[in-house]
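Colleague: please work out how this folds:
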Amino acid sequence: MPGSHTVCRRFRTPPPSQPRKCEHPRCLRTCTRSACTQSCHTQPEEFDVNTEDKTRVTDEEIGQALSDLEGWEYLQEERALQRVWTFEKFVPTMAFVRKLIDVMDTQNHHSDIYLDSRAKTLTVRVTTHTENAVTRADLDFAKVVSAAE
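Modeller: Numbering: from 1, shown residues only. Model prediction:
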């Protein structure tokens, strides 16, 4: 289609007359960058998607970390960290989900999210699937999510 172009998925606004392709290696968007807040556009220049620390952590290290992570629990059988939030209304729940997505993109670490609209709960479960264990990256993710509340 003549004159067609990709728009920023976050704002759904057309790019400027001279659209620029995002320079982030994982981004396929064209946008104004000054208006877009996609995490790939707001990351520090030194961000490297391969810097995750996938070192397995012991049960003792997990226990120590959980003492500083309010609400998180260790699911030993699933080898995962989990936290459940309860919201009174659906809109704040979805606002928090958007924050989680930004954290996942920024950390390049993607958790499982379970939303129960009847119980008004949001459950986040994180593990490093390639290691089939909890790693330092999972603990870092939980810390960042807790700080984002």
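Colleague: could you use CA atoms for every contact and neighbour count after this?
Modeller: OK.
Colleague: next, residue 118: secondary structure please.
Modeller: coil (DSSP: H, G, I helix; E, B strand; the rest coil).
Colleague: next, it: phi, psi?
Modeller: Main-chain dihedrals, residue 118, degrees, to the nearest 10: phi -70, psi -50.
Colleague: same deal with residue 135?
Modeller: Dihedral pair for residue 135: phi -120, psi 180, per degrees, to the nearest 10.
Colleague: one more: residue 119?
Modeller: The phi/psi pair for residue 119 (degrees, to the nearest 10) is phi -80, psi -10.
Colleague: with residue 131 instead?
Modeller: Residue 131 adopts backbone torsions of phi -100, psi -10, taken as degrees, to the nearest 10.
Colleague: quick check: the gap between it and residue 102.
Modeller: 24 Å (CA to CA, to the nearest Å).
Colleague: just the mean pLDDT for the host helix or strand of residue 103, thanks.
Modeller: If you go by DSSP states H and E, residue 103 is part of helix 90-107. Helix 90-107 shows a mean pLDDT of 89.
Colleague: okay, buried residues for it please.
Modeller: By neighbour count on 16 or more other CA atoms under 10 Å, the buried set for helix 90-107 is 93, 96, 97, 100, 101, 102, 103, 104, 105, 106, 107.
Colleague: now tabulate these in CSV and tack on distance to residue 63.
Modeller: Formatted as CSV, those follow (distance: CA to CA, whole Å):
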residue, distance to residue 63
93, 28
96, 26
97, 26
100, 23
101, 26
102, 27
103, 23
104, 23
105, 26
106, 25
107, 22
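Colleague: can you report how many residues lie near residue 88?
Modeller: 10 (other CA atoms under 10 Å).
Colleague: would it count as being in a helix?
Modeller: No - assessed with three-state DSSP, residue 88 is coil; it does not lie in a helix.
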